[in-house]
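Q: Quick one, what's the 3D model for this:
(chains A, B, C and D)
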Number of protein chains: 2
Amino acid sequence: MQLTTRDRLLDAAEELFATHGYDGASLRDIAGVAKVPFGLATYYFGTKEELFRQVVARRADEHIGEMTAALDATVTHAAPGPPAIEELVRAFFAPMVEKLSQRGPGWRNYMQLLARAANIKQEQAFLKPFQQLYDPVRVRFVDIAATIYPLAPREHVLWASHFLNAAIIQFIAGEGSIDRLSGGHCRANDLDGIMRTMVPYFSGGFRALLESATQGEN
Amino acid sequence: MQLTTRDRLLDAAEELFATHGYDGASLRDIAGVAKVPFGLATYYFGTKEELFRQVVARRADEHIGEMTAALDATVTHAAPGPPAIEELVRAFFAPMVEKLSQRGPGWRNYMQLLARAANIKQEQAFLKPFQQLYDPVRVRFVDIAATIYPLAPREHVLWASHFLNAAIIQFIAGEGSIDRLSGGHCRANDLDGIMRTMVPYFSGGFRALLESATQGEN
DNA sequence: GTCTATAATGAGATAGAC
DNA sequence: GTCTATCTCATTATAGAC
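A: Prediction:
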């Protein structure tokens, strides 16, 4: 099956935005990787910003939908009680890790682009709506976690959830550094190893911070 | 006291590299922020890459030295036994958090630049030595953690340490997102709040993953 | 409708003025 | 020794050829 020129450009842009960042990837490079004459990029997308937007739009809905469904599933499975923290943590990580390692280079690139774009400050205002796309699913996570630890102060639930999110974001963005540091003993694309360590680790974090329920605010 | 032109350029570069990234910050913008005529950047530093290198070099040694000293101190204080995991985690976080919130905008910018530069892939080979500057102190952390959990497989100690590092990196880089998500209840520059939550959280993660010592490799 | 050649801007680096 | 005006190249966007 033959990919359309448009899709080839989107794939190439996804790859180069992920590896070189928005500013580091030029339309020329993108067209080169897509093996498409330079100039078609602006023909199809008008501006570089719009190309970026469409790269994101192509996958964001599916990704966010999967994450939300996975979180909701933990609630329905455990009803009427709250889910175990392990199940919630697993539901948060699994869709990301799976896309990172089992859904081909496109999704992998998208995940890295996502991780990169998570830390943008004032510049590039066109990225802001994209950042905020993911806020609802993150809030959903916090809300479910709060039902597991109803006595814990919400600030602590928020911090605990933030650390979880920070770790997965950086795990994706900083891929390769674990391989280097471990001398090859750990591999960032070892799906099973990641889940077997991340889930107990972060569940343990939640327990340690939030189970001492009444320590309150002071 | 009057800052030299050179230092003004370094400060401005530090700020713009941190906020806009390497590619996103132009020498013109940097000179503008420094209120210095454009062209002096290349006069003092030759190339943009060299300017970046000197921005890093100005602080890296001090930062890495402080981190190493803090880690080593936990060992000497606890000798002959290993330190408590809480003390080790605190020693890892404290110098970063302190620089982020109490040492002025220069250090703050440097920390964000550092967090950004942690996830670079093939491009920009001149950044690689900088990334690897921090490898020894990360290895030192792993080695100390391994003395606390001598029965745990080293792979698990590496993963646990990696998550810790990932979380602090992304916490720094993604600053502000906790503020937005929490509706202002949590603030990323709340030093005490951060340490009071991060330390038990990540210590709990280490305990949960590594204390079930004999689960082995399978 | 697809694509190509060109324009216009902004980048980093340099040679030469004060 | 400091700084400025200029050069060359790469970037995005466009106007016009197939």
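Q: A:H185 touches B:W159, doesn't it?
A: No. Assessed by C-beta atoms under 8 Å, A:H185 is found out of contact with B:W159, at 9.8 Å. The C-beta positions use only the backbone N, C-alpha and C, and glycine is treated the same way.
Q: For those two, work out which one has more neighbours and name it.
A: Taking neighbours as other C-beta atoms under 10 Å in any protein chain shown, A:H185 and B:W159 compare with B:W159 leading, 25 against 13.
Q: Now do the same for A:F38: helix, strand or coil?
A: coil (DSSP: H, G, I helix; E, B strand; the rest coil).
Q: Skipping adjacent residues, who's closest to it in space?
A: Leaving aside its chain neighbours, A:F38 sits nearest to A:A31 (4.2 Å; criterion: C-beta to C-beta, 6 or more residues apart in numbering or on different chains).
Q: separation between the one you found and DNA strand C?
A: For A:A31, the distance to DNA strand C equals 9 Å [C-beta to the nearest atom of the strand, to the nearest Å].
Q: who are the neighbours in contact with that residue?
A: Counting by C-beta atoms under 8 Å, 6 or more residues apart in numbering or on different chains, A:A31 makes contact with A:L9, A:A12, A:P37, A:F38, A:G39, A:L40, A:A41.
Q: Helix or strand: which one has it?
A: When elements are assigned from DSSP states H and E, A:A31 belongs to helix A:27-33.
Q: pLDDT averaged over that helix - what is it?
A: Here helix A:27-33 scores 92 as its mean pLDDT.
Q: who touches the following helix or strand past that helix?
A: Counting by DSSP H and E, the next helix or strand C-terminal to helix A:27-33 is helix A:40-45. For helix A:40-45, contacts defined as C-beta under 8 Å, 6+ apart pick out A:T5, A:R6, A:L9, A:A13, A:L27, A:I30, A:A31, A:K48, A:L51, A:Q54.
Q: hmm, who's touching whichever strand or helix holds the third one?
A: To tie it back to what came earlier, the one meant is A:L9. Using DSSP H and E, A:L9 sits within helix A:5-24. By C-beta under 8 Å, 6+ apart, the surrounding residues in contact with helix A:5-24 are A:3, A:25, A:29-36, A:40-41, A:44-45, A:51-52, A:54-55, A:58, A:105-106, A:109-110, A:112-113, A:116-117, A:124, A:127, B:20-24, B:121-124.
Q: What is the strand or helix carrying A:F206 packed up against?
A: Using DSSP H and E, A:F206 sits within helix A:191-210. With contacts defined as 3 or more C-beta pairs under 8 Å, 6 or more residues apart in numbering or on different chains; DSSP states H and E, the packing partners of helix A:191-210 are helix A:85-102, helix A:135-148, helix A:154-173, helix B:154-173, helix B:191-210.
Q: DNA strand D: which of those helices is closest?
A: helix A:154-173 (21.8 Å; C-beta to the nearest atom of the strand).
Q: and the angle from the closest one to helix B:154-173?
A: 110 degrees (axes from the mean of the first three to the mean of the last three C-alpha atoms, to 10 degrees).
Q: Enumerate every residue touching A:H162.
A: By C-beta under 8 Å, 6+ apart, the residues touching A:H162 are B:F171, B:S177, B:I178, B:L181, B:C186.
Q: how about the residues you listed, which pair is most distant?
A: Farthest pair in those (C-beta to C-beta) is B:F171 and B:L181. Separation: 13.0 Å.
Q: of the two, who's got more company?
A: Shown here are B:F171 and B:L181; by other C-beta under 10 Å, B:F171 has more neighbours (27 against 20).
Q: gap between that one and A:A167?
A: 9 Å (C-beta to C-beta, to the nearest Å).
Q: ditto for A:A152
A: As for A:A152, its distance to A:A167 is 20 Å (criterion: C-beta to C-beta).
Q: Just want to know which of those two has more residues nearby.
A: For A:A152 versus A:A167, neighbours defined as other C-beta under 10 Å are more numerous around A:A167 (27 against 21).
Q: what kind of secondary structure is A:C186 in?
A: Look at A:C186: counting by three-state DSSP, its state is coil.
Q: which one's the longest helix in chain A?
A: Ranked by residue count under DSSP state H, the longest helix found in chain A is helix A:48-78.
Q: so what does that helix touch, helix or strand wise?
A: Applying 3+ C-beta pairs under 8 Å, 6+ apart, one finds that helix A:48-78 contacts helix A:5-24, helix A:27-33, helix A:40-45, helix A:85-102, helix A:104-117, helix A:128-133, helix A:135-148.
Q: just so I know, which of the ones you listed lies nearest A:R207?
A: A:R207 lies closest, by C-beta to C-beta, to one member of those: helix A:85-102, at 6.6 Å.
Q: Check which helices and strands the closest one sits against.
A: When contacts are defined as 3+ C-beta pairs under 8 Å, 6+ apart, helix A:85-102 packs onto helix A:48-78, helix A:104-117, helix A:135-148, helix A:154-173, helix A:191-210.
Q: which of those sits most buried?
A: Highest mean neighbour count of the helices and strands packed on helix A:85-102: helix A:154-173, a mean of 25 (counted as mean count of other C-beta atoms under 10 Å in any protein chain shown).
Q: average pLDDT across that helix?
A: Mean per-residue pLDDT for helix A:154-173: 91.
Q: What's the first helix or strand after that helix?
A: Heading C-terminal from helix A:154-173 (DSSP H and E), you reach helix A:177-181.
Q: Output the helix or strand of chain A with the lowest mean pLDDT as CSV - backbone C-alpha positions only.
A: Ranked by mean pLDDT, DSSP states H and E, the weakest helix or strand in chain A is helix A:128-133, scoring a mean of 78. What follows is helix A:128-133, C-alpha atoms only, in CSV (Å, rounded to 0.1, in the frame of the first residue of the first chain):
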residue,chain,number,x,y,z
LYS,A,128,-0.3,25.5,24.7
PRO,A,129,-3.6,24.0,23.6
PHE,A,130,-1.8,20.8,22.9
GLN,A,131,-0.3,20.7,26.4
GLN,A,132,-3.7,21.3,27.9
LEU,A,133,-5.4,18.5,25.9
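Q: got the buried residues for that helix?
A: For helix A:128-133, burial by neighbour count (16 or more other C-beta atoms under 10 Å in any protein chain shown) applies to A:F130, A:Q131, A:L133.
Q: hang on, the earlier thing: got a winner among the contacts of A:A31 for most neighbours?
A: Of all the contacts of A:A31, the most densely surrounded is A:L9 (25 neighbours; neighbours counted as other C-beta under 10 Å).
Q: Not counting its neighbours along the chain, what's nearest that residue?
A: A:A34 (4.9 Å).
Q: Report how many residues lie close to the one you found.
A: When counting by other C-beta under 10 Å, one arrives at 23 neighbours for A:A34.
Q: Out of the buried residues of helix A:128-133, which are close to chain B?
A: The subset of those lying close to chain B, counting by C-beta under 8 Å from any C-beta of the partner chain, consists of A:Q131.
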